[in-house]
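Q: how would this look folded up:
(2 chains)
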2 protein chains.
Amino acid sequence: MIKKLTEEIRKKEAPIVVGLDPMMKYIPEFIQKEAFKEKGEGLEAAAEAIWIYNKGIVDAVYDLVPAVKPQIAMYEQFGIPGLMAFKRTVDYCKEKGLIVIGDIKRGDIGSTSEAYATGHLGRALVGSKRIAGFDEDFVTVNPYLGSDGVKPFIDVCKEEDKGIFVLVKTSNKSSGEFQDRLIDGKSPLYELVARKVDEWGQELMEGDYSNVGAVVGATYPEVGKALRDIMPRSFILVPGYGAQGGSGKDLKYFFNKDGLGAIINSSRGIIAAYMKEEYKNFGEKNFGDAARAAVLDMKEDINANI
Amino acid sequence: MIKKLTEEIRKKEAPIVVGLDPMMKYIPEFIQKEAFKEKGEGLEAAAEAIWIYNKGIVDAVYDLVPAVKPQIAMYEQFGIPGLMAFKRTVDYCKEKGLIVIGDIKRGDIGSTSEAYATGHLGRALVGSKRIAGFDEDFVTVNPYLGSDGVKPFIDVCKEEDKGIFVLVKTSNKSSGEFQDRLIDGKSPLYELVARKVDEWGQELMEGDYSNVGAVVGATYPEVGKALRDIMPRSFILVPGYGAQGGSGKDLKYFFNKDGLGAIINSSRGIIAAYMKEEYKNFGEKNFGDAARAAVLDMKEDINANI
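A: Numbering: from 1, shown residues only, chains lettered A, B, ... in the order given. Predicted coordinates:
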């Protein structure tokens, strides 16, 4: 799957992933009103509004970017109807030729991680059949439980040609609380995790890169530089661009010399572009066009810095 | 919520939680066959089989134990129908007076953790209404992202009188890979996390205990002893009893002198008791009675060691 991602990045000249994190406050009021009118003020209406909003964004940007990253929490908060909107979004994006990175940050012990991997990347055995639950192309994985929490994901990736991005250094302010602590007085925990990512990745090489990638926040460029060297074969999924404070010039360290090896996520900056001063002239109704303009600007900013 | 849990533990004299982890291989064949006959070999049949199985277990043990812990991965692997079975199980257990600990191990950055907390413990704002998605009583939380990933859960717990158990030292073999590493050459990472749990918990005291608890595996009793002292006000949710190798005598260290402060989980050992040599005479059809016998034996084993 990493080969397909690389090809799509090259073809579209955009190492960019659009984060589909449809918080209610970003969804244009006319969409919400219509959904409430049709379905009443319930979880189904929230799910419908999310779906209409996502479809508008995806239709406006699918030819520009290789991938999308729906953040499952934003759907899960609306219970079953929300998760149905998640699945519908995943399916629709795949129909449009997009690679889907499920931002699920799951991680558990052996058989339980296996169940998560099965549900999101593989196919569950039901009687004599194997059936996919959510069927994303990549998912994000939390490493806190160690190798036997991550390995089941790798096994499913092998069978199904899929991939994972393991959390190494996250973009949030307090990420250093545990991730930055010096292990044995030497290197920070995130480096230890990065070395494991590199090790796990050797099992899952496809061309120059591995199907085991890492998440490293754009908000810590100097860390990105160090981690780039530790995991030369891993793609780095980089959140925190734009709204969280990371900018194009901070990103050069995340790429390899071949101009590859990183994919930069922007969520709010794209899907809620219509709310920003810069793109306000598009108007609420044209939130999709505003998103498209924001992707084009982001593409320029990033390509100028690789 | 921790007060309610404490009261129920006292009333039922059972610091025990039954893990509802319905792997297909544990579900009696007659239930699976019936579900396939009714629904065909699809995700809906898997979900139906899970539900019938869970109901059988819950009906057989609900008067003996204070709480259940459904492991969401085992449902999520069957996609939307699986998650519908999860919700149905949560709702049914609450109807039966059981406290529900959603074993979801979620954790993300600020607004995303907030969405998870809302979906599982709180109520999502939809138009002018607030509606619960899954509505468990407690959930498990992964601390890798630091305080700003955990705080949103605490905020929701405050509003809704709910609680969390933060992963500190997990029961699996490779849990030491990161969790045991010495920070600054001094104490292991899990101790650092435990100190944070104690700190976070101060905000959420209810009687002698806090609504911020911890997960510490029964498979590491000597670690349990150290962590009991670091987090005197936190309940410890202890997985790994029985099938994973922990036994009653290993558990005394997890309790405080008041005989409280820990709740021991058993999943396979109870829900699949009918498959074990000891309880085989019950027969597959009476899997609920076998589960009940296993709970009674577990209760005796644990109460003898507190």
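
Q: what's the burial count for A:A117?
A: 28 (other C-beta atoms under 10 Å in any protein chain shown). Where you see a C-beta, it was placed from the backbone N, CA and C, and this is true even at glycine.

Q: The one 4 residues further on too?
A: The local packing of A:L121 (other C-beta under 10 Å) involves 27 other residues.

Q: who touches A:L121 in this structure?
A: Taking C-beta atoms under 8 Å, 6 or more residues apart in numbering or on different chains, we find A:L121 in contact with A:135-139, A:153, A:156-157, A:160, A:162, A:164.

Q: Okay, and which of those residues map to helices?
A: Among the contacts of A:L121, the members falling in helices are A:153, A:156-157, A:160 (criterion: DSSP state H).

Q: Just the closest of these to B:S128, please.
A: A:F153 (40.9 Å; C-beta to C-beta).

Q: Could you tell me which residues make contact with the closest one?
A: Applying C-beta under 8 Å, 6+ apart, the residues near A:F153 are A:113, A:116-117, A:121, A:139, A:141, A:164.

Q: go on, A:F178?
A: Applying C-beta under 8 Å, 6+ apart, the residues contacting A:F178 are A:189, B:143-144, B:146, B:189, B:192-193.

Q: go on, A:L98?
A: A:58, A:62, A:65-68.

Q: Check A:F282 too.
A: A:273-274, A:289-290, A:293.

Q: which parts of the stretch 201-306 of chain A sit against chain B?
A: Within the stretch 201-306 of chain A, no position is near chain B by C-beta under 8 Å from any C-beta of the partner chain.

Q: List the residue ranges of the stretch 201-306 of chain A that fall below the pLDDT cut-off.
A: A:243-244, A:246 (pLDDT under 70).

Q: show me where the stretch 51-200 of chain A has strands.
A: With DSSP state E, counting those that start in this stretch as the criterion, the stretch 51-200 of chain A has strands at A:67-70, A:99-106, A:124-126, A:129-131, A:138-141, A:163-169, A:182-183, A:187-188.

Q: Compile those into TSV and extend it with columns for mean pLDDT, mean neighbour count and distance to B:N281.
A: Converted to TSV, the strands of the stretch 51-200 of chain A look like this (pLDDT from 0 to 100; neighbours: other C-beta atoms under 10 Å in any protein chain shown; distance: least, C-beta to C-beta, whole Å):
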stretch	mean pLDDT	mean neighbour count	distance to B:N281
strand A:67-70	98	26	50
strand A:99-106	98	26	39
strand A:124-126	96	20	30
strand A:129-131	97	15	34
strand A:138-141	98	28	43
strand A:163-169	98	28	45
strand A:182-183	94	17	51
strand A:187-188	96	16	56
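
Q: Those into JSON lines, with extra columns for distance to chain B?
A: JSON lines is the format used below for those (distance: least, C-beta to the nearest C-beta, whole Å):
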{"stretch": "strand A:67-70", "distance to chain B": "12"}
{"stretch": "strand A:99-106", "distance to chain B": "6"}
{"stretch": "strand A:124-126", "distance to chain B": "5"}
{"stretch": "strand A:129-131", "distance to chain B": "5"}
{"stretch": "strand A:138-141", "distance to chain B": "9"}
{"stretch": "strand A:163-169", "distance to chain B": "6"}
{"stretch": "strand A:182-183", "distance to chain B": "5"}
{"stretch": "strand A:187-188", "distance to chain B": "10"}
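
Q: Run through the neighbouring helices and strands of the helix ranked longest in chain A.
A: Longest helix in chain A, counting residues (DSSP H): helix A:43-61. If contacts are counted by 3 or more C-beta pairs under 8 Å, 6 or more residues apart in numbering or on different chains; DSSP states H and E, helix A:43-61 sits against strand A:16-20, helix A:29-39, helix A:73-76, helix A:79-95, helix A:268-271, helix A:287-303, strand B:123-126.

Q: Which of those sits closest to A:G224?
A: helix A:287-303 (13.7 Å).

Q: Packing partners of that closest one?
A: By 3+ C-beta pairs under 8 Å, 6+ apart, helix A:287-303 packs against strand A:16-20, helix A:43-61, strand A:262-266, helix A:268-271.

Q: Turn these into TSV, columns for mean neighbour count.
A: Formatted as TSV, these follow (neighbours: other C-beta atoms under 10 Å in any protein chain shown):
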stretch	mean neighbour count
strand A:16-20	26
helix A:43-61	22
strand A:262-266	28
helix A:268-271	24
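
Q: and A:G213, helix, strand or coil?
A: strand (DSSP: H, G, I helix; E, B strand; the rest coil).

Q: Return the residues in contact with the residue in the stretch 101-250 of chain A that chain B sits nearest to.
A: For the stretch 101-250 of chain A, the residue closest to chain B is A:G133, as judged by C-beta to the nearest C-beta, at 3.0 Å. A:G133 makes contact with A:118-120, A:124, B:43, B:76-80, B:82, according to C-beta under 8 Å, 6+ apart.

Q: Closest one of those residues to A:R181?
A: A:H120 (29.9 Å).

Q: Tell me the pLDDT of that closest one.
A: pLDDT, A:H120: 98.

Q: That one reaches A:K105, doesn't it?
A: No: the pair A:H120 / A:K105 is not scored as a contact, 11.2 Å apart, by C-beta atoms under 8 Å.

Q: what's the closest of the ones in helices among the contacts of A:L121 to B:Q32?
A: A:V156 (22.8 Å).

Q: if we can go back for a sec, how about the helices and strands packed on helix A:287-303 in JSON lines, adding distance to B:Y253?
A: JSON lines is the format used below for these (distance: least, C-beta to C-beta, whole Å):
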{"stretch": "strand A:16-20", "distance to B:Y253": "44"}
{"stretch": "helix A:43-61", "distance to B:Y253": "43"}
{"stretch": "strand A:262-266", "distance to B:Y253": "44"}
{"stretch": "helix A:268-271", "distance to B:Y253": "47"}
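
Q: Tell me which of the ones you listed lies nearest to B:K257.
A: helix A:43-61 (45.4 Å).

Q: Distance from that closest one to the middle of the chain?
A: With C-alpha atoms, centre = their mean, to the nearest Å as the basis, helix A:43-61 stands 18 Å off its chain's centre.

Q: can you check stretch A:127-139 too?
A: Using C-alpha atoms, centre = their mean, the offset of stretch A:127-139 from its chain centre is 19 Å.

Q: Now the terminal residues of it, how far apart.
A: Terminal residues of stretch A:127-139 are spaced 26 Å apart (C-alpha to C-alpha, to the nearest Å).

Q: hmm, back to that, pick the one among the contacts of A:F282 closest to chain B.
A: For those, the nearest to chain B is A:A273 (17.8 Å; C-beta to the nearest C-beta).

Q: circling back: number of residues surrounding the closest residue to the residue of the stretch 101-250 of chain A closest to chain B other than its chain neighbours?
A: Spatial nearest neighbour of A:G133, excluding adjacent residues (C-beta to C-beta, 6 or more residues apart in numbering or on different chains): B:G79 at 3.0 Å. By other C-beta under 10 Å, 24 other residues sit near B:G79.

Q: For B:G79, give me the pLDDT.
A: 98.

Q: Buried ones from the ones in helices among the contacts of A:L121, can you make that a PyMOL selection?
A: Here is the PyMOL command that selects the buried residues among the ones in helices among the contacts of A:L121 (16 or more other C-beta atoms under 10 Å in any protein chain shown):
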select buried, chain A and resi 153+156+157+160
